[in-house]
Every structure is written in C-alpha cells, then in structure tokens.
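> what shape does this take:
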Amino acid sequence: MVSGIRNLSRGKIANFADGLELDEKERAYFEILVGFNHAKTNQAKRALYDQLIKALPQKIQQLKKSQMEYFSKWHHVAVREALATCEVRDNFDELAARLMPRITRGQVKSAMQTLNELGLIEKDGKGCWRARHSTLLPSRDEAADLLVRAFQGEMLGLAKEALDNIPSPHRDISTSTLSISAEGLQRVKAAIEDFQVALRKIVQSDKGEDRVMQFNMQLFPLTRIEEENAKT
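Residues are numbered from 1 along each chain as shown. As a prediction, this is how the structure comes out:
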C-alpha cells in the first residue's frame, strides 16, 4: 500500500526501491512483499509467505514457522485445549488416544514442542502441562488472516467428517438458507458476534471439563451480489 490508498504496482517496484535506497537483500524482500499483497489465491499467498519468512532473522524466522505450523494442523489447537481435560506430563500416549480423529504419539510430541516454542503451554507445580492464556494474533493483518484461513480450512474438513463419523447426540450441525437485505446481513452478523460473546462466557465459567469441542459458524452468499450492494 502507498499512503494507505492503493497497492503498489509491479512496474513501480524498482523506482520505489531506488527511492528508498534499498540494498540487494532489502530489495528482494520488498519485491516478495509486493507479490504477497498482489497474490489472489491462498496457495500463492502461502508460497510467498514462506519466502518472506526465509528472509527474516533466524530467531524471528523460527517464530513465524512455528506460528504457521500451529495454524496449519487442527490437532495443535485440540492438544492445547485437551490439557484442561487430563493430567499430561511427558507421556503422551493417553492424550494421543483421546483425540478424535486419533493421532499418533509422535504427532502429540511434535504439537507439544510447537506449543512450548510459542509460549502457549507451561508446566504447573505438579509437573503437568497446562495451556497459557495468550494469543498468537494480537493484531490482524493480511499475514494473520492467511494463518487464520489455514486453521479454518482444517476445521471445516473435520466438520464434514463429523457428519458421517460422530453420532448426532454428541454433535450439533445445522444449516439455514436465507434471503436477506444488506442491512439485514449486518444485523445477522451483529447477532452472531453477540452469540460468540455469550458462548465464551459459558466456557470461561465452566468447571470439570472432560472433552474438547470444535464450534464452527459460516455465513456466505449463494447468489451473486450486485456491486453497489457489495460496497455497502
């Protein structure tokens, strides 16, 4: 972006880099960054994001890799939440068996290493691993959105599997198809946000957790949206 108004065109990269007096390494990073901003698909953005990470200092590079790894595998988040449901020290067999779909002990060990590197877990006074109350995304930008989309894609895949593999008493999957105005859409989104706040309050006040649940909510168009309404 230039002055927060529009994306920098590829043809202007060299002139802009010259104006900033960038050296060869800085210029290469800048070109990748512009390419990332122009990329249209998640696959292209992911490839360029990996290139951006490789250009960072080693310490920051490892952190970014761990962040991408955390969001790209559904069981990382599940393992972190499952620590509230059982006593886990350094024997991960029980935790591996508890997750559904079941994962291997090696996957649990790798997940725990990633969680520890990111400061998302710690040992309590009894030597048991517990989740820390911290977040990886203090602010949202295009790179953060890429990580979130990777996580959401993983969880949507699990939701599809749950239709066939999880008995209905242990899940709740419902759908609604709606015709609505642009103003009505904003009211629906506000209602969804209110519900998510209420949901978090229930979970935060809950005691005796014995399972990990995944809650997804999707709202997307099934018809083309007129350009004027889309802007609104």
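
> now the helix or strand hosting residue 114, how far from the centre of its chain.
Under DSSP states H and E, the secondary-structure element containing residue 114 is helix 105-117. Distance, stretch centre to chain centre, for helix 105-117: 17 Å (C-alpha atoms, centre = their mean, to the nearest Å).

> which SSE is the spatially most central residue of the chain in?
The geometric centre of the chain, computed from its C-alpha atoms, lies nearest to residue 148 (C-alpha atoms, centre = their mean), at 2.6 Å. Element membership of residue 148, judged by DSSP H and E, is helix 142-165.

> can you list the buried residues in the next helix or strand after that helix?
Tracing the chain C-terminally past helix 142-165 and defining elements by DSSP H and E, one meets helix 182-205 next. For helix 182-205, burial by neighbour count (16 or more other C-beta atoms under 10 Å) applies to residue 185. Using the backbone N, CA and C atoms, a C-beta is placed for each residue, glycine as well.

> show me what the helix holding residue 114 is packed up against.
The criterion is 3 or more C-beta pairs under 8 Å, 6 or more residues apart in numbering; DSSP states H and E, and the helices and strands that helix 105-117 contacts are helix 58-72, helix 74-82, helix 93-98, strand 121-123.

> how about these, which one is nearest residue 207?
Nearest to residue 207, of all the helices and strands packed on helix 105-117, is helix 74-82, at 15.3 Å by C-beta to C-beta.

> low-confidence stretches in the chain?
Judged by pLDDT under 70, the chain has its weakly predicted residues at 1-22, 26, 29, 33, 37, 42, 53, 55-63, 137-143, 227-232.

> can I see the domain layout of it?
For the chain, the domain assignment from automatic domain parsing gives the residue ranges 39-131, 175-232.

> most tightly packed of those?
Mean neighbour counts were taken over the domains of the chain using mean count of other C-beta atoms under 10 Å, and the top value, a mean of 16, falls to domain 39-131.

> show me what stretch 200-215 is in contact with.
78, 81-82, 84-85, 99, 155, 158-159, 199 (C-beta atoms under 8 Å, 6 or more residues apart in numbering).

> will you turn these into JSON lines that also has distance to residue 183?
Compiled in JSON lines, the contacts of stretch 200-215 are given as follows (distance: C-beta to C-beta, whole Å):
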{"residue": "78", "distance to residue 183": "38"}
{"residue": "81", "distance to residue 183": "37"}
{"residue": "82", "distance to residue 183": "42"}
{"residue": "84", "distance to residue 183": "41"}
{"residue": "85", "distance to residue 183": "43"}
{"residue": "99", "distance to residue 183": "43"}
{"residue": "155", "distance to residue 183": "30"}
{"residue": "158", "distance to residue 183": "34"}
{"residue": "159", "distance to residue 183": "29"}
{"residue": "199", "distance to residue 183": "25"}
